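In: the sequence and its predicted three-dimensional model are supplied below.
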Amino acid sequence: MSRFATMDRRAVLLGLGAAALAPLARAGVAVDAWPQTSALLARYIAERKLAGAVAVLHRQRSAPRVLAYGAQALGGPPADARTLWRIFSMTKPITGVAAMKLIEQRKLGLDQAVADFVPEFASVKVLDNGVERPARTVMRVRHLLTHTAGLGYAIVEGSPLAPLYRDAGIRPGDPTPRERTPKSLDEFGARLATLPLANDPGTRYEYSVALDLLGLVIQRASGMAFEDYLRTALFEPLAMHDTGFFAKPEAAPRLAMNYGVRASGIEPLEPAERRSPYLSAPSYPSGGGGLLSTAHDYNRFCAMLMNGGVLDGVRVLAASTTRRTHANLLPRGVLADNMHFGAGMGISTRASSEGEPPGTYFWGGAAGTTMWIDPVNAFSAVLMTQFMPSRAYPVWREFRDAVYADFRRA
């Protein structure tokens, strides 16, 4: 990933002029404090590549800065820190942290067998060169947190498990009602256990539905519905009042539109004449990709981690537990795409070209959202927007590039 290495590139971002940045200034945003970041968001909106984007940039012991630009939908109300966004895989760090809280409470063990809570996983099979054989290792909670459980994803093209998952209706986080969608988290787990693994647990990193299965483990370890445990353990203590698996009726007007990127421009993925599936409870809550959240709420989650488990005087996690959430939890000898892996989130092992130092922990979502926490500079960033596929634009790279360019200037 490259920096804005030339003056020409910087000029594109900084040369938008007062007209492009005036809406930000009218909204009370201090564009002078984050000029490249503000200009980047303004450019994407001005070019109609995005309908709206909201960033929260937060230095520890300082008030967070909100950069809000564009609208919740083309022609709709302005986007702001309370706009609701589909965060997809940015759900995973929340689920990971929820599991770490149970570990802190001694209701769950990091290396406890998954079968202690979901007995169907006591005798799983591995698909080995097209032939199923018994797994040689035990699937453990650590493996679910770090995508080393041997599970797969229906969305990963080329995976031998993908067609099996699609045929079995194992598509967590997909809001579209389908004929074979499990009717509950219990049914999801039982059905998943009938399918083979791609690898022996603990031997290889492979992005997967592991955090969805972890949601079931959390449900059974806590004795509460998964969504209720998230609410009582994290959302209520952190005052994340708008985060959940669907938008309540009073919050529905704040739900942003999700857009598909086409050659002709962006097109709504949920046409106005169709009722959004995010306005009612899903068949089962997806711990790997089902949450809606706001920039305000997700920043509070990040701030708690950045502050060692405390926010506004409320301790959510012990300091030692908080450190473990972004420690390398991968099984010994396993690598994860040149990064370490903690509780549902990646950890940088070396300085990036954008300027983030080693130890920065991060994750993103399928509709363009991203977050990271930089412990060296005591800084966190959250970006909310909605477009698919996320590879259509280099928003993640350019956003980090601009943020660190501004950070160095400050």
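Out: That came in fine, so what should we check first? It should be emphasised that the depicted structure is a prediction, and the values quoted were computed from it without experimental measurement.
In: contacts for stretch 208-220, please.
Out: The contact list for stretch 208-220, computed with Cβ atoms under 8 Å, 6 or more residues apart in numbering, reads 91-92, 95-96, 98-99, 102, 108, 114, 117-118, 141, 143-149, 151-153, 165, 170, 172-173, 185-186, 188-189, 192, 225-226, 229, 285-289, 344. Where C-beta positions appear, they are placed from N, C-alpha and C, glycine not excepted.
In: one more time with 7 Å, if that's ok
Out: 92, 95-96, 98-99, 102, 114, 117-118, 141, 143-145, 147, 149, 151-153, 170, 172, 185-186, 188-189, 192, 225-226, 229, 285-288, 344 (Cβ atoms under 7 Å, 6 or more residues apart in numbering).
In: buried set for that stretch?
Out: Using 16 or more other Cβ atoms under 10 Å as the test for burial, stretch 208-220 gives 208-220.
In: try stretch 194-203
Out: Applying 16+ other Cβ under 10 Å to stretch 194-203 flags 195-203 as buried.
In: that older thread, which one of the buried residues of stretch 208-220 is nearest to residue 243?
Out: residue 215 (14.8 Å; Cβ to Cβ).
In: now that closest one: closest residue in space, sequence neighbours ignored.
Out: residue 287 (3.0 Å; Cβ to Cβ, 6 or more residues apart in numbering).
In: which ones are touching that neighbour?
Out: Residue 287 neighbours (Cβ under 7 Å, 6+ apart): 91, 95, 211-212, 214-215, 226.
In: name the element it belongs to?
Out: Using DSSP states H and E, residue 287 falls within no helix or strand.
In: tell me the pLDDT of it.
Out: Model confidence at residue 287, given as pLDDT, is 98.
In: any idea which helix or strand carries the closest residue to residue 117 other than its chain neighbours?
Out: In space, and not counting its chain neighbours, residue 117 is closest to residue 220: 4.3 Å by Cβ to Cβ, 6+ apart. Using DSSP H and E, residue 220 maps to helix 210-222.
In: same thing with residue 93?
Out: helix 91-104.
In: chain neighbours aside, what residue packs nearest to residue 205?
Out: residue 336 (3.9 Å).
In: wait, residue 69
Out: residue 41 (4.8 Å).
In: and residue 372, by the same measure?
Out: Residue 372's closest residue in space is residue 362 (Cβ to Cβ, 6+ apart), at 3.6 Å.
In: one step back: with just CA atoms, put the following helix or strand past the helix holding residue 93 into CSV.
Out: Counting by DSSP H and E, the element after helix 91-104 in chain order, helix or strand, is strand 125-128. Below are the C-alpha coordinates for strand 125-128, written out as CSV (Å, rounded to 0.1, in the frame of the first residue of the first chain):
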residue,chain,number,x,y,z
LYS,A,125,-14.4,-34.4,9.7
VAL,A,126,-11.8,-32.7,7.4
LEU,A,127,-12.1,-32.6,3.6
ASP,A,128,-8.7,-33.9,2.6
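In: what mean pLDDT does strand 125-128 get?
Out: Rounded mean pLDDT across strand 125-128 is 97.
In: contacts only, for the nearest residue to residue 103 once chain neighbours are set aside.
Out: Spatial nearest neighbour of residue 103, chain neighbours left out: residue 110 (5.6 Å); criterion: Cβ to Cβ, 6+ apart. Listed by Cβ under 7 Å, 6+ apart, the contact partners of residue 110 are 103, 141-142.
In: write the ChimeraX selection for whichever of these are buried.
Out: A single ChimeraX command selects the buried members of those (16+ other Cβ under 10 Å):
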select :103,141,142
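In: rewinding a little: give me the buried entries from the contacts of stretch 208-220.
Out: The buried subset of the contacts of stretch 208-220 - by 16+ other Cβ under 10 Å - is 92, 95-96, 98-99, 102, 114, 117-118, 141, 143-145, 147, 149, 151-153, 170, 172, 185, 188-189, 192, 226, 229, 285-288, 344.
In: work out for me the element residue 304 sits within.
Out: helix 295-306.
In: and if you look at residue 132?
Out: Using DSSP H and E, residue 132 falls in strand 131-134.
In: show me how far the very next helix or strand once past that strand is from its chain's centre.
Out: Where DSSP H and E defines the elements, the next helix or strand beyond strand 131-134 is helix 141-145. Offset of helix 141-145 from its chain centre (Cα atoms, centre = their mean, to the nearest Å): 17 Å.
In: ok, now stretch 262-280?
Out: Counting by Cα atoms, centre = their mean, stretch 262-280 comes out at 21 Å from the chain centroid.
In: cool, and stretch 238-248?
Out: 15 Å.
In: swap in stretch 114-125?
Out: Counting by Cα atoms, centre = their mean, stretch 114-125 comes out at 27 Å from the chain centroid.
In: got the buried residues for that stretch?
Out: Buried residues in stretch 114-125 (16+ other Cβ under 10 Å): 114-118, 121, 124-125.
In: what about residue 271, neighbour count?
Out: 9 (other Cβ atoms under 10 Å).
In: before we move on, what SS does it have?
Out: coil (DSSP: H, G, I helix; E, B strand; the rest coil).
In: now it: how far from residue 257?
Out: 9 Å (Cβ to Cβ, to the nearest Å).
In: is it correct that residue 261 falls within a strand?
Out: Yes - counting by three-state DSSP, residue 261 is part of a strand.
In: can you tell me the closest non-neighbouring residue to it?
Out: residue 392 (3.7 Å).
In: for the residue nearest to residue 117, give its distance to residue 326.
Out: Taking Cβ to Cβ, one finds residue 220 at 26 Å from residue 326.
In: residue 369 and residue 236, how far apart?
Out: 23 Å.
In: low-confidence stretches in the stretch 51-200 of the chain?
Out: Applying pLDDT under 70 to the stretch 51-200 of the chain flags residues 177.
In: what sits against residue 195?
Out: 161, 164-165, 168.
In: in three-state terms, label it for me.
Out: coil.
In: let's have the buried residues of stretch 114-125 in JSON lines, adding distance to residue 300.
Out: Converted to JSON lines, the buried residues of stretch 114-125 look like this (distance: Cβ to Cβ, whole Å):
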{"residue": "114", "distance to residue 300": "30"}
{"residue": "115", "distance to residue 300": "35"}
{"residue": "116", "distance to residue 300": "32"}
{"residue": "117", "distance to residue 300": "29"}
{"residue": "118", "distance to residue 300": "31"}
{"residue": "121", "distance to residue 300": "34"}
{"residue": "124", "distance to residue 300": "38"}
{"residue": "125", "distance to residue 300": "42"}
